[in-house]
Structure formats: structure tokens, C-alpha cells
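# missing the sequence, but the structure's below:
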């Protein structure tokens, strides 16, 4: 996402995984409504921005925003985005969220979904959990990425108990790098892409990391 875009790449948006669920797309909505009633995850809010766990009710807005080529350019979202991409992704996401393997949140202002953020590849030791986000293009340049990122860090370190975060970003996506730096992340390396099949190996990635101790120290300094 550019700032309105993507700081990292959310693994769930993978074309290879969609094939398994495409044959079920006709009844996926009814199945998901039942699944989403089974469990509850916390929401978090600040001023007019809040994060809430993604459910099928967010599918329509996600489908519309994620279909924009400006979003798919710097994210791991398939391009072109499949017509049932959001419903398929949420179908896969539900089980992973219940298992604590992944967490995805709708970024909401008022009653409007402006983007998505979340955590993927959550290991048992809760170290270097991958953080990613994107903001829909109609909502770029309004500081949503930074505001939502602050809430996401609070969620990660205070509620989910993560010890450290990792945010890979394309080096050509300078806006997302600036957002990460504002949030306290530090760049740890730059390397040729070997992580994501979507891009050529000639693409350059940068890893940004943030530990819980660093985040707590920054918060203490800000409050002081």
C-alpha cells in the first residue's frame, strides 16, 4: 500500500489459495455468517478511527477497494482481483483467526471501511510477527495509515502479546516506509525479493522491525 496502500504484504491475498474455495463461492456468504458467530475478537478505537475484526459484513467494501490496480501494485493482493476475492479471503481467514495464526482488522472511520491491517505468520513464540496494511485510494493522504498503525501496535503488544513485529515493504514504496518509521519501526535490511512469488527477484525489499520493548519505551517518552 502506498501510505494508502501497503506497508507489508498480507499473505491471505494469494491467488493460489483462492482456487480451493472458488467452487464454494455460491454459498460462502451463508457459511461465513455462521462461522463469524462462533468466536469474538476484541476491537480497539481512537478518536474517530477504530479497528474491528474482519467478518463477512466487510466483504463488499473490501472487494471494491482491493480491486484498484493502485492497491494491487505494491501489495500481495492478486491482480486483477478476482470477482469473489474478498469473500474467498474472509472464508480462509475465519479459521486462521480462530486458531490464533492470523489477525485481520477493518480500519473504520464512522461507519466507513477505509482499509485493512493485520498480522500474519504468527509463530508460537510470537516473535517477528508480520504486520501489513492497505488504505483504499479514496482515503489516501489523510493519515489513516499512521492512525490505524498506532492502534494496531497497541493491539499487537498490549492485547495479543506479540514480542516483535516485522514489516517487509518494497523499496519503491517510499510512502509506506515513512509510515513505518513514524510508528517507530527501524529498517534492518534491504535485499532482492525472494519472499513473494508475485514480484520478480529484481524487486528490492526492505525489512522493518519493532520490538515490544522499543514500543513501550517510545510510548513512555511520548506520555512524559
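Arrived safely, thanks for sending. A quick note: this is a predicted structure, and the numbers were derived from the prediction, not measured. Numbers count the residues shown, from 1 in each chain.
# is it true that residue 210 touches residue 150?
No. Residue 210 is not in contact with residue 150 according to Cβ atoms under 8 Å; the separation is 11.9 Å. C-betas here are computed from N, CA, C, even on glycine.
# what is in contact with these two at once?
residue 183 (Cβ atoms under 8 Å, 6 or more residues apart in numbering).
# so for these two, which residue has more residues nearby?
Between residue 210 and residue 150, counting by other Cβ atoms under 10 Å, residue 210 is the more crowded of the two (22 against 17).
# just the element for that one, please.
For residue 210, the host element (DSSP states H and E) is strand 204-211.
# and what of residue 86?
Residue 86 belongs to helix 85-98, assigned by DSSP H and E.
# and that helix, what's buried?
85, 86, 87, 88, 89, 90, 91, 92, 93, 94, 96, 97 (16 or more other Cβ atoms under 10 Å).
# before we move on, what about stretch 208-215?
Counting neighbours by 16+ other Cβ under 10 Å, stretch 208-215 gives 208, 209, 210, 211, 212, 214, 215 as buried.
# now the most centrally placed residue in the chain: how far from residue 83?
Central residue of the chain (Cα atoms, centre = their mean): residue 117, 3.0 Å from the mean position. According to Cβ to Cβ, to the nearest Å, residue 117 and residue 83 sit 24 Å apart.
# also residue 190?
36 Å.
# how about the helices of the protein, start to end?
15-22, 28-36, 59-66, 69-72, 85-98, 144-154, 174-182, 212-223 (DSSP state H).
# count of neighbours near residue 100?
The burial count for residue 100: 12, using other Cβ under 10 Å.
# right, I mislabeled it, should have said residue 99
Count around residue 99 with other Cβ under 10 Å applied: 9.
# tell me the contacts of it?
By Cβ under 8 Å, 6+ apart, residue 99 has no neighbours at all.
# and it, how far is that from residue 158?
Applying Cβ to Cβ to residue 99 and residue 158 gives a distance of 21 Å.
# likewise residue 176?
24 Å.
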